Each structure stands twice: as C-alpha cells, then as structure tokens.
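> Make a model of this:
(one chain, ligands or ions: 1)
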Amino acid sequence: MTRRRLLPSAAMLGLFGATGSGPASAVSDDSLSQLAARSGRYFGAAVRIEDILAEADLRGTVLRECVSLTPEFALKWDAVERSPEAFRFGPIDDLLSFAVQQGLRMRGHTLLWHGSVPDWAQAQLRSQRSWTLVQRYMEAVLSRYRGTIGQWDVVNEPIETGYRMDGLRGSVFLEAFGPDYVVRALHEARRLAPGAELMINEFALEADSKVESDRRYHFLKLLERLKRAGAPLDGVGLQAHLDLSKGPVRAVVYAPFLQDIAGLGLFIAITELDVKEYDYAQPVDRRDRDVADATARYLDIALAQPAVRGVSTWGMSDRHSWLRVTLEDLARHQGSWKDGSTPGFNRGLPFNSSMRRKPMYHAIANALQHAAARRG
Ligand code: XIL
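Numbering: from 1, shown residues only. Coordinates of the predicted model:
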C-alpha cells in the first residue's frame, strides 16, 4: 500500500492558490454556498482532480461556489484497486489535499457500488463468496481516510424493482452474501470509521411514475428494516439525476417520501443533482429554461424538508457532465438540428461549457434563497 500523502506538493499549492476567473454574470454576489448557509445548508459538486488541476476556470468556480466536494470517480473500487492489492490512492489523495488546503469537505463516494467493482473482484466474490475480500477493501480505504473524510456512501444504488420481494438489486454483493450485505457493510464501516456519517445513496426516486413509486416504496422499506435491525445508518443520499423525459416532479408525491425518510431519524443529502434533457432540437434558450424549471421545481420541494442538509451537483459545467447526447437522442431527431448546429453537450449543469452561469445556476440560487426566506 502506498503511504498516505496528504500534503500537496509546492507545484500543487501554487495552482491551488489561484482562484481563476469568476463567473461572468452577477445577479447576486453571494455564492451558492453562502446562499445555502442562510438556511443552514451546504452546496457542493462532484469533481475530478485532473480537471481541477488543468482548468483554472473550473478551479475558480469550484472554490467560489462549493464547500463540499465529491470525487466523481477516484474513490470507486475500480479506480482504487484495479488489480488485487495494487492500490492507487494518488488521485484521491490529491483531491483531498486540495480540499483540505482550501477548507472544503469531501464526501466519501462510494464503498459498495455494483457499477464500480473491478472485474477481478467480481469474479472472486462470485466464486468464493468471501466477506474478507469486502472487509479488506473497506479497511484499506476507511483506515486511510478515517480522519479526513467524515461521510460515506457505504452502499450505492441497492434498489432495483421487479425482481425480488424486498426490492434489492441482484448485484454481485447480493449474489455473494444475500440481502444482509447492506447491514453488514454498515457495521463494518462503523467499526472502521467510528466517527463518520454513514449513508445509503440511491437514484430515480423522484419521478411521478409507477416504476419510481415502487422504487420509493422499496427504498423506504429497506431503510425501515435497517433501522429496526439497529444498523448504523445516519443519512440518505438522493442522487436526483432529473430527467426531462419523465415529466415534472410533484410535491404531493415527493414531499411525503422525504418526510418518511426524516421520520426514520435520518438526514438527507441531495448528492448528484443534474438534468438529462429530452428535446435537444429546441433552441438553446428554451433548453436552458426547461432545465432550470425542472431544477427549481425539484429544489423547492426538496428544500422545504428540514432534514435536507445540502445539495451537490454532479459536476459544475456542461463540459464535465457524464451525460452525453447519445446516438439514440440523435436518432430521435432524425439527425436534424433546428439551428443547424451540432448537438454538443447535454445542458443539465449550472455552468455552460465556457463556465458561464446558465439559468440552472439562478434556479439553484433562487431555491436556496426561498429556503432561507421560509426558515425566516
Ligand atoms: C459516474 C461518473 O460520472 C462517471 O464518470 C463514471 O464513469 C461512472 O459513474 N450514480 C452514481 C455516480 O452514484 O457514481 C455515477 O457516476 C453516476 C450515477
């Protein structure tokens, strides 16, 4: 295992000192973090250290807007241990150094996620069903970051409906250890990082559809079972990858769900907010307005719930978004783009690809302001 490297090199310090160019338009001088703080909340974003080091405008924007960072990729199992015992902590150490240096918090995303188990570990889990493998990995990560990362997504995306009575996803963890793997992982995390807040993070829980209503039901049932079993679970992460094809989020549906989570004594974080567009053929103004409206609608409902502690977006600018305009999207428009331009990026993050604020930015700012006003 490589040695812990928390202090940044001089070169990195030089880079981190620069705050880059500020965002262009200025409606409010307050950053999203400052606005969030007015209702006792935080604002943050998912980032990659390579981008932060290479792009001064991104660095400046992150430093201006965020108090919390989430590693988009570097802290996933397949990034940390691509081959057995060959741990690669460099990128996450660098990001953590940046965060510590700048007084930012970092979320621990994520320990057990079916989407980021390296192939070799999947094979071993399936053939040996040995908890020791999971334990060893959790120990390597949690012992290294015990003092610096105070919050962990211990299990990411455990729910999948339509397969089992308990709504658990048929992941490699379920296959190897049965439905108790969630509670086991939480206990393991508590043992290895006693001071950290432990969370379950989940997606697709906000839409007004049959599928997502089933997902909400099974998610709540899982939380209830965990609480009843005395599992050390402190909070819940709601990813909130909004999707314009799914129609508007409705308060009558979503607010009671948030209240049910709060009723179990859990705090809530909005962990991965972004918006997947549907109609890329619309003029850009219209696209940006639709994205902003969906964001406003969602956040007004979410931030009315006092248990919601803060909001992170899954990236800052469209140029870093994991959402791409796909071939399917193109096919839907039969290749014709109304304004004759190329489709470019999905526009579902607060800054455009030149790091200018978009209407989504203002939608977030307004929602945070409303929340502060409500709290009075
Ligand atoms: C995504 C990243 O954005 C990609 O870069 C990576 O290749 C795959 O994972 N839900 C999650 C995140 O919890 O970890 C995912 O991030 C997006 C969906």
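> going forward, measure contacts between C-alpha atoms and count neighbours the same way
Fine.
> Outside of stretch 105-123 itself, list whatever touches it.
67-72, 75-79, 81-84, 96, 99, 133, 138, 148-158, 171-173 (CA atoms under 8 Å, 6 or more residues apart in numbering).
> now, which of these lie within strands?
S68, L69, T70, P71, Q151, W152, D153, V154, V155, N156 (DSSP state E).
> Tell me, how many residues neighbour E212?
17 (other CA atoms under 10 Å).
> Name all residues that make contact with it.
Neighbouring residues of E212 by CA under 8 Å, 6+ apart: A204, L205, E206.
> Could you pull up phi and psi at whichever residue of the stretch 251-376 of the chain sits closest to the ligand?
Closest to the ligand within the stretch 251-376 of the chain is W322: 4.7 Å, counting by CA to the nearest ligand atom. Torsion angles at W322 (phi, psi; degrees, to the nearest 10) stand at phi -70, psi -10.
> pLDDT at it, what is it?
W322 carries a pLDDT score of 92 in this model.
> now the one 3 residues further on
What the model reports as pLDDT for V325 is 75.
> now swap in the one 4 residues further on and tell me
pLDDT, the model's per-residue confidence, is 77 for D329.
> quick one, what contacts it?
Y278, Y280 are the contacts of D329 under CA under 8 Å, 6+ apart.
> Now it: phi and psi?
phi -60, psi -40.
> where in the stretch 251-376 of the chain is pLDDT low?
333-343 (pLDDT under 70).
> Around the ligand, which positions in it sit nearby?
W322 (CA under 6 Å from any ligand atom).
> now the helices for the stretch 251-376 of the chain?
Assigned by DSSP state H, counting those that start in this stretch, the stretch 251-376 of the chain shows helices spanning 251-263, 284-302, 327-332, 359-375.
> and the gap between the residue nearest to A231 when sequence neighbours are not counted and the ligand?
The shortest distance from A231 to any non-neighbouring residue, by CA to CA, 6 or more residues apart in numbering, is to V183 (5.7 Å). Counting by CA to the nearest ligand atom, to the nearest Å, the gap from V183 to the ligand is 19 Å.
> Surely V183 touches K227?
No - in this structure, V183 is not within contact of K227 by CA atoms under 8 Å, at 9.6 Å.
> hang on, the earlier thing: please work out how many residues are found near the residue of the stretch 251-376 of the chain closest to the ligand.
13.
> residues touching it, list them.
Neighbours of W322 in contact, by CA under 8 Å, 6+ apart: none.
> How much space separates it from S39?
30 Å (CA to CA, to the nearest Å).
> Repeat that for I159.
31 Å.
> Check E65 too.
16 Å.
> Tell me which residues touch the residue positioned nearest the centre of the chain, please.
Residue closest to the average C-alpha location in the chain (CA atoms, centre = their mean): E272, at 3.1 Å. Contacts for E272 were tallied using CA under 8 Å, 6+ apart; they are A45, A46, L238, Q239, A240, H241, V311, S312, T313, W314.
> With G44 instead?
S33, E65, C66, V67, S68, L69, T70, G310, V311, S312, T313.
> ok, which pair from these is furthest apart?
S33 and T70 (14.8 Å; CA to CA).
> Of the two, which one has the most company?
More neighbours surround T70 than the other of S33 and T70, with 26 against 23 (other CA under 10 Å).
> Tell me the pLDDT of the closest residue to that one other than its chain neighbours.
Sequence neighbours aside, A46 is the residue nearest to T70 in space, at 4.3 Å (criterion: CA to CA, 6+ apart). Reported pLDDT at A46 in the predicted model: 98.
> hmm, back to that, between the contacts of G44, which has the most around it?
Neighbour max across the contacts of G44 (other CA under 10 Å) = V311, 31 neighbours.
> beta partners of that one?
F43, I270 (DSSP bridges).
> What about the residue nearest to N366 when sequence neighbours are not counted, how many residues nearby?
With CA to CA, 6+ apart as the criterion, N366 has its nearest non-adjacent residue at 7.8 Å, and that residue is A296. When neighbours are defined as other CA under 10 Å, A296 has 22 of them.
> for A54, same thing?
A54, neighbours per other CA under 10 Å, totals 11.
> and it, how far is that from the ligand?
For A54, the distance to the ligand - CA to the nearest ligand atom - is 17 Å.
> ok, that residue - contacts?
Applying CA under 8 Å, 6+ apart, no residues qualify as near A54.
> hmm, back to that, restrict the contacts of stretch 105-123 to those near the ligand?
Among these, the ligand is touched by E72 when using CA under 6 Å from any ligand atom.
> Any chance of a ChimeraX selection covering the buried ones in the contacts of stretch 105-123?
Entered in ChimeraX, the line below selects the buried ones among the contacts of stretch 105-123, by 16 or more other CA atoms under 10 Å:
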select :67,68,69,70,71,72,75,76,77,78,79,81,82,96,99,138,148,149,150,151,152,153,154,155,156,157,158,171,172,173
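> my guess is the residue nearest to T70 meets S317, correct?
No - A46 is not in contact with S317 according to CA under 8 Å; the separation is 10.5 Å.
> ok, those two, which is more surrounded?
Between A46 and S317, A46 has the larger neighbour count (other CA under 10 Å), namely 26 against 22.
> quick one: the more buried one is in a strand?
Yes - counting by DSSP: H, G, I helix; E, B strand; the rest coil, A46 is located in a strand.
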